[in-house]
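Trainee: fold the stuff below for me.
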Amino acid sequence: MATGTKRLRHVIGLDSELNKLQDLDVLLERILTEARRVMNADAGSIYIRQGDELVINYAQNDTKQAELPPGEKLIYNVFTVDITPKTVSGYSALTGEPVNIPNAYKIPSNAPYSFNPSFDKISRYKTRSILCVPLRTNTGEILGAIQLINKKSERGNLIAFNKEDELVLMHFATNATVALQRAQMTRAILLRMIKMAELRDPKETGPHVNRVAGYAVEIYERWARNHNVDPEEIEKTKDNLRMAAMLHDVGKVAISDIILKKPGRFTDDEYDIMKSHTIMGARLFINKQSDFDELAQLVALNHHENWDGTGYPGHVDIETGTPTKTDGLGRPLGKCGDEIPLFGQIVSISDVYDALRSSRVYKQAWTEEQTLEEIEKMSGTKFNPELIDVFFKVLPSIQTISAKYSDPNDSEPPTN
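Mentor: Purely as a prediction, here's the structure:
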């Protein structure tokens, strides 16, 4: 009983930690991590409801992770599960009840759900115990499900989840759902802002900004770990960066439709107006109220700067748009190298990669091979060479995000 009380106190203490996170994806990953930690589960996944389906958002597996080189992330397939009684997670979501299975290979024949061993064969991992609980609001609405696999004893042996585990995880899921609802509301607000930009520029779609934001977080996280940044600082920055990256082009709402939707090439004057979307976006965050505002301003202003100094808007005063450093012709001098804030550099890579891989009215989507070749060519000119090295190291995670947020309007999937 003492162990259960201690765990319950730990779960209650996590409430404030989860409520600090605002971004939906960052929160989902943290919920799964903490659920596994509380239950001492070797593996697990978290699903979010979309209509009549559950969509996997994150999967973790300590055993498979340990087989990877240091710094590598476990790659998982993005798939959906129908909300029906036929699967463990579907049954839990449908009924709102926990499902506790001591042995996945010995589910009673009269159970409505079953276990598909093909996933074990593909991953070369043996599933034994399963505990799945719904993510349910206080009004009974099902937002998703948490599924944990293979509980471990203190000695590291695989054991079954017990009744106490069910109660503790259900309590954790109830509290996590409150944080989840708030994060979904924040995401909805951001996507409304994106929708406003999309009305002006059809390229600024929800899937596009979610992909760019996801890529940016993966690049930043690997860079930060390479530089021994404190883990708490990494988590805090990931939360703010993902939201800020979604709004990288929000300044386009201030650009005329005549320019934004012009099918042909811009004149020099039109291009100068187009470039001002960076300053317009940064101005939205002048009255900073939080770390997010600071980061969003940096991203909006700097994501078109180039490592060699040929980008824009360069050294300018945000409020007036006047140059603070000029070239010989009185034009703003472009920022170069480390003059460009890190987060602007990261979002620049993310945005270019996604733009090349996506179809537009004026072009077909590039192949993965063509895109990666072009990205590598721009190392040292458009992009920071160190960050390009990081980009290629996290490419498998980036490709997973591409699949997760695929755009139905693309002529081909974002990944091979």
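Trainee: all contacts plus neighbour counts: C-alpha atoms, from now on.
Mentor: Noted.
Trainee: any idea which element residue 56 lies in?
Mentor: strand 53-61 (DSSP states H and E).
Trainee: hmm, who's touching that strand?
Mentor: 25, 28-29, 32-33, 42-49, 74, 76, 78-83, 90, 144-145, 404 (Cα atoms under 8 Å, 6 or more residues apart in numbering).
Trainee: so which elements touch the helix or strand harbouring residue 389?
Mentor: Per DSSP H and E, residue 389 falls inside helix 385-393. Counting by 3 or more Cα pairs under 8 Å, 6 or more residues apart in numbering; DSSP states H and E, the packing neighbours recorded for helix 385-393 are helix 206-226.
Trainee: quick one: the helix it packs on to helix 385-393, angle?
Mentor: Relative orientation of helix 206-226 and helix 385-393, computed by axes from the mean of the first three to the mean of the last three Cα atoms, to 10 degrees: 110 degrees.
Trainee: give the rounded mean pLDDT of helix 206-226.
Mentor: Over the span of helix 206-226, the pLDDT mean works out to 95.
Trainee: which other residues reach that helix?
Mentor: With Cα under 8 Å, 6+ apart, helix 206-226 has contacts from 71, 191, 194-195, 234, 238, 241-247, 343, 346-347, 350-351, 354, 387, 390-391, 394, 397-398, 401-402, 405-407.
Trainee: out of those, which sit inside helices?
Mentor: Using DSSP state H, the subset of the contacts of helix 206-226 located in helices is 191, 194-195, 234, 238, 241-246, 343, 346-347, 350-351, 354, 387, 390-391, 397-398, 401-402.
Trainee: before we move on, the earlier item: which of the contacts of strand 53-61 count as buried?
Mentor: 25, 28-29, 32-33, 42-49, 74, 76, 80-83, 90, 144-145, 404 (16 or more other Cα atoms under 10 Å).
Trainee: hey, which helix or strand in the protein has the poorest pLDDT?
Mentor: helix 2-18 (a mean of 70; mean pLDDT, DSSP states H and E).
Trainee: ranges for the helices of the stretch 51-200 of the chain?
Mentor: 62-66, 88-95, 118-123, 163-200 (DSSP state H, counting those that start in this stretch).
Trainee: deepest of these, which one?
Mentor: Comparing the helices of the stretch 51-200 of the chain by mean neighbour count (mean count of other Cα atoms under 10 Å), helix 88-95 ranks first with a mean of 24.
Trainee: next, the angle from it to strand 53-61.
Mentor: 130 degrees.
Trainee: report the rounded mean pLDDT for helix 88-95.
Mentor: The average pLDDT for helix 88-95 rounds to 96.
Trainee: so which residues make contact with it?
Mentor: 54, 81-85, 98-99, 113-115, 132-135, 142, 144-147.
Trainee: what subset of the residues you listed is buried?
Mentor: Judged by 16+ other Cα under 10 Å, buried ones among the contacts of helix 88-95: 54, 81-85, 98-99, 113-114, 132-135, 142, 144-147.
Trainee: neighbours around the residue nearest to residue 367 when sequence neighbours are not counted, how many?
Mentor: Excluding the flanking residues, the one nearest residue 367 by Cα to Cα, 6 or more residues apart in numbering is residue 357, at 6.6 Å. For residue 357, the count of nearby residues is 23 (other Cα atoms under 10 Å).
Trainee: relative to residue 365, how far out is residue 357?
Mentor: 5 Å (Cα to Cα, to the nearest Å).
Trainee: with residue 221 instead?
Mentor: In terms of Cα to Cα, residue 221 sits 27 Å off from residue 365.
Trainee: same question for residue 182.
Mentor: For residue 182, the distance to residue 365 - Cα to Cα - is 35 Å.
Trainee: residue 19 too?
Mentor: Taking Cα to Cα, one finds residue 19 at 39 Å from residue 365.
Trainee: what angle do the helix holding residue 389 and helix 395-404 make?
Mentor: 60 degrees.
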